[in-house]
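Enquirer: my questions are about this predicted structure, shown below with the sequence.
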Amino acid sequence: MGKKARQESRVAAAEAARKRSVQHRRRPLWAGLWTAVAAAVLALVLVTVLGKGSGLPVGTRTFAENNHTHVVGSVRYDRTPPVGGAHNAVWLNCGIYTQPVANENAVHSLEHGAVWITYRPNLSPTEVASLQLFVSSNYDGYQRYLVLSPYPNLPAPVVASAWGAQLRLKRASDPRLKAFVTHFIGGAQGGEPGAPCTGGTGTPEG
């Protein structure tokens, strides 16, 4: 091989090496981009499956509820049913009710860690019986920390509420109800964990 040929060969080899080096440097950028995309998709899947926050079922909505004021009289709440805010100084005794209960007393029970399950008054007797059985089977100790009552003009057939959180359901048999109750019952979300859910007002039927 002549001198000129060897020189051309070295130039070609150097150019090939340069191109490989550029491709090598670019690869991590694309790899990083695809990794970020994959992570975003995975995060979206996890939110869809688990809801916002570990242990929360899909569809659970959370709200900032910082008003713990005791008031006399009725309160105009910004959610139906309410999930926090100003409330009556007397809490609602936890248990099963077959008539609507006062928002202001029920919200005080939410502050104590109760979960309030409400249903439309025209819900079928079978569905209502299913809810009643569910509630009586999932009481948390003597204080129970579960309230069940009909509620006019609900945005869904069944709604589960805790202080600062709410889940709308189409059926009493929806397994998300159990997940919601398990997550919040007797919890500290209202700021007064361990406070009573008996000795207040109301006479539950079960």
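Expert: Ah, there it is.
Enquirer: list the buried residues for stretch 92-108?
Expert: 92-97, 101-108 (16 or more other Cβ atoms under 10 Å). To be clear about C-beta, it is placed using only N, CA and C from the backbone, and glycine gets the same treatment.
Enquirer: go through these and name the one nearest V181.
Expert: Set against V181, the nearest of those by Cβ to Cβ is C94 (12.3 Å).
Enquirer: could you list the paired strands of the helix or strand hosting V159 along with their orientation?
Expert: According to DSSP states H and E, V159 maps onto strand 158-162. With DSSP bridges as the test, strand 158-162 is paired with strand 115-119 (antiparallel), strand 165-169 (antiparallel).
Enquirer: which residues sit against the first one?
Expert: Going back to what we said before, that points to strand 115-119. Residues outside strand 115-119 that contact it (Cβ atoms under 8 Å, 6 or more residues apart in numbering) are 81, 106, 109-110, 127-128, 131, 135, 145-151, 154, 157-162, 172, 177, 180-181, 184-185.
Enquirer: swap the cut-off to 6 Å and go again
Expert: Identification of contacts with strand 115-119 by Cβ atoms under 6 Å, 6 or more residues apart in numbering yields 81, 106, 146-151, 158-162, 181, 184-185.
Enquirer: for this structure, what are the low-confidence residue spans?
Expert: Residue ranges of the chain with pLDDT under 70: 1-54.
Enquirer: is R120 in contact with P157, as I believe?
Expert: Yes: using Cβ atoms under 6 Å, R120 makes contact with P157 at a distance of 5.4 Å.
Enquirer: domains of this protein?
Expert: Split into domains by automatic domain parsing, the chain comes to 1-50, 61-184.
Enquirer: what's the most buried one of the ones you listed?
Expert: Counting by mean count of other Cβ atoms under 10 Å, domain 61-184 has the highest mean neighbour count of the domains of the chain, with a mean of 19.
Enquirer: how much space between E111 and V158?
Expert: 22 Å (Cβ to Cβ, to the nearest Å).
Enquirer: sorry, that was for H70
Expert: In terms of Cβ to Cβ, H70 sits 29 Å off from V158.
Enquirer: still on that earlier bit, which of the buried residues of stretch 92-108 lies closest to G85?
Expert: The closest of these to G85 turns out to be V107 (Cβ to Cβ; 6.3 Å).
Enquirer: give me the three-state assignment for that closest one.
Expert: Following DSSP: H, G, I helix; E, B strand; the rest coil, V107 is assigned to helix.
Enquirer: ok, the most centrally placed residue in the chain to R79 distance?
Expert: Centroid-nearest residue in the chain: T60, 3.2 Å away (criterion: Cα atoms, centre = their mean). For T60, the distance to R79 (Cβ to Cβ) stands at 14 Å.
Enquirer: one more: T126?
Expert: T126 sits 28 Å away from R79, going by Cβ to Cβ.
Enquirer: shouldn't V83 be within a strand?
Expert: No: under three-state DSSP, V83 falls outside any strand and is assigned coil.
Enquirer: quick one: contacts for it?
Expert: 63, 161, 164, 166.
Enquirer: and the helices in this structure?
Expert: 3-50, 103-111, 125-137, 176-184 (DSSP state H).
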